[in-house]
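S.K.: Build me a structure from this.
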Amino acid sequence: MNGHEPRRRRQPRHVGSWVVLIACAIYFVVPMIALARFSFQKVPVVKLGWSTLFDKWTWSGMLAGLRDPKFQPALYYSLRLVVASVALTLALLLPTALLVHLRLPRARPLVEVLTLLPYVVPPITLAAGALGAFRDNAGWLFRNDYFLVPFYAVMAMPFSFRALDAGLRAIDLRTLVDASRSLGAGWGRTLFRVLIPNMRVALVGSAFLTATVVLGEFTLASLLFKQTLPVFLQDLNLHEARGGSALALLTLLASGLLLGLITLLIGKRGAKADAATTIF
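M.R.: Residues are numbered from 1 along each chain as shown. Presented below is the predicted three-dimensional model:
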């Protein structure tokens with residue numbers, strides 16, 4: 001009897017966690033199903049229901065969006081912004097997080113407050129400030145294709161910093177750094193050969209969160225007259241609503257698939273590294 005009591009006590013917690021996961025899945029999946037039906041079914045919205053579930057499915061809306069001459073330039077431009085924003089974000093926040101953990105632990109509350117400031121300043125305020133400061137005084141910078149990159153790095157800071165901070169907390173940072181330095185490795189070798197391999201998941205998470213901000217941000221790009229993918233999708237929705245919704249859904253699914261593949265590859269490499277360490 002005593003052996004079964006702990007199992008009975010743990011069961012409600014187990015059931016409760018599954019209830020929360022199922023509820024979250026329903027909350028996320030149901031809007032995606034509704035978006036998919038609107039995008040790929042040529043049925044009036046008021047008639048979408050169980051009786052029309054299998055009626056008039058078509059790819060015409062998505063194909064019209066893909067054939068739009070503005071689609072490829074907007075996609076290519078957004079992907080360039082993603083790469084540049086991820087590089088700038090990691091270049092700024094990774095050394096900052098390492099410095100806070102190793103040398104300035106008392107500055108941690110201040111850094112956390114500073115990284116939350118983008119929550120306080122809305123994108124429309126950033127856009128208004130950028131227009132007033134750069135359009136007349138530094139037109140060459142305002143017209144540059146990568147003008148949005150610093151703003152995207154700032155907007156992604158609350159998410160990317162916390163992903164890196166969680167990754168640093170998950171490893172024995174000081175021991176790894178001391179061991180590497182005692183073996184004669186410099187700071188560069190310690191960073192690229194010791195710390196970064198142990199922070200793969202955190203780095204991927206930070207990069208993916210930054211990419212999500214770039215691919216989903218509309219206000220700043222629109223007000224600063226940059227033809228990014230979200231701006232193109234909004235323009236497409238004005239004359240081809242189903243096509244714009246279909247491409248938005250396709251972007252979401254592609255991002256999720258990419259994150260899953262990257263996570264799977266990182267997990268396999270980590271397992272191989274752990275197996276090699278165990279053997280030797």
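
S.K.: Now the residue nearest in space to the middle of the chain: closest residue in space that isn't a chain neighbour?
M.R.: The centre of the chain sits closest to Leu209, judged by Cα atoms, centre = their mean, with a distance of 2.1 Å. Nearest-residue entry for Leu209: Phe159, 4.0 Å, with adjacent residues in sequence omitted and distances by Cβ to Cβ, 6 or more residues apart in numbering. For every residue, glycine as well, the C-beta is placed using N, CA and C.

S.K.: Ser245: which element?
M.R.: Ser245 is part of helix 241-279, with elements assigned from DSSP states H and E.

S.K.: do Lys226 as well
M.R.: Assigned by DSSP H and E, Lys226 falls outside every helix and strand.

S.K.: where along the stretch 101-250 of the chain do the helices fall?
M.R.: For the stretch 101-250 of the chain, the helices defined by DSSP state H, counting those that start in this stretch occupy 108-115, 117-120, 123-134, 139-142, 149-169, 173-182, 187-190, 196-198, 200-216, 219-223, 229-239, 241-279.

S.K.: Dump those into TSV; add mean pLDDT as well.
M.R.: Shown next, in TSV, are these (pLDDT from 0 to 100):
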stretch	mean pLDDT
helix 108-115	86
helix 117-120	82
helix 123-134	81
helix 139-142	80
helix 149-169	89
helix 173-182	84
helix 187-190	82
helix 196-198	84
helix 200-216	87
helix 219-223	88
helix 229-239	88
helix 241-279	68
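
S.K.: Minimum distance to Trp57: which of those has it?
M.R.: helix 241-279 (11.6 Å; Cβ to Cβ).

S.K.: re the thing from before, pull the contacting residues for the residue nearest to the centre of the chain.
M.R.: Ala156, Phe159, Ser160, Ala163 (Cβ atoms under 8 Å, 6 or more residues apart in numbering).

S.K.: Please determine how far the residue nearest to Leu209 is located from Thr212.
M.R.: According to Cβ to Cβ, to the nearest Å, Phe159 stands 8 Å off from Thr212.

S.K.: just Thr251 next, same as before
M.R.: 10 Å.

S.K.: Report how many residues lie close to Phe134.
M.R.: 17 (other Cβ atoms under 10 Å).

S.K.: Next up, the contacts around the closest residue in space to it that isn't next to it in sequence.
M.R.: Counting by Cβ to Cβ, 6+ apart, Phe134 lies nearest to Phe142, which is 4.4 Å off, once chain neighbours are set aside. Shown in contact with Phe142 (Cβ under 8 Å, 6+ apart): Ala130, Phe134, Arg135, Leu224.

S.K.: Any of the residues you listed buried? List them.
M.R.: In terms of neighbour count (16 or more other Cβ atoms under 10 Å), the buried residues within these are Ala130, Phe134, Leu224.

S.K.: Out of these, which is nearest to Val231?
M.R.: Comparing these against Val231 with Cβ to Cβ places Leu224 closest, at 9.9 Å.

S.K.: Would you check that the closest one makes contact with Phe147?
M.R.: Yes - contact criterion Cβ atoms under 8 Å: Leu224 and Phe147 qualify, at 6.9 Å.

S.K.: what about Leu164, how many neighbours?
M.R.: Neighbour count of Leu164, defined by other Cβ under 10 Å: 23.

S.K.: same deal with Leu79?
M.R.: Neighbour tally, Leu79, other Cβ under 10 Å: 14.

S.K.: quick one: which of Phe159 and Thr212 has more around it?
M.R.: Just comparing Phe159 and Thr212: by other Cβ under 10 Å the higher neighbour count belongs to Phe159, 19 against 16.

S.K.: Tell me which residues touch that one, please.
M.R.: Ser206, Leu209, Thr210, Val213.

S.K.: For these, give me TSV that also has distance to Asp178.
M.R.: Shown next, in TSV, are the contacts of Phe159 (distance: Cβ to Cβ, whole Å):
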residue	distance to Asp178
Ser206	25
Leu209	30
Thr210	30
Val213	35
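
S.K.: farthest-separated two in the residues you listed?
M.R.: Maximum pairwise distance in these, criterion Cβ to Cβ, is 11.0 Å, between Ser206 and Val213.
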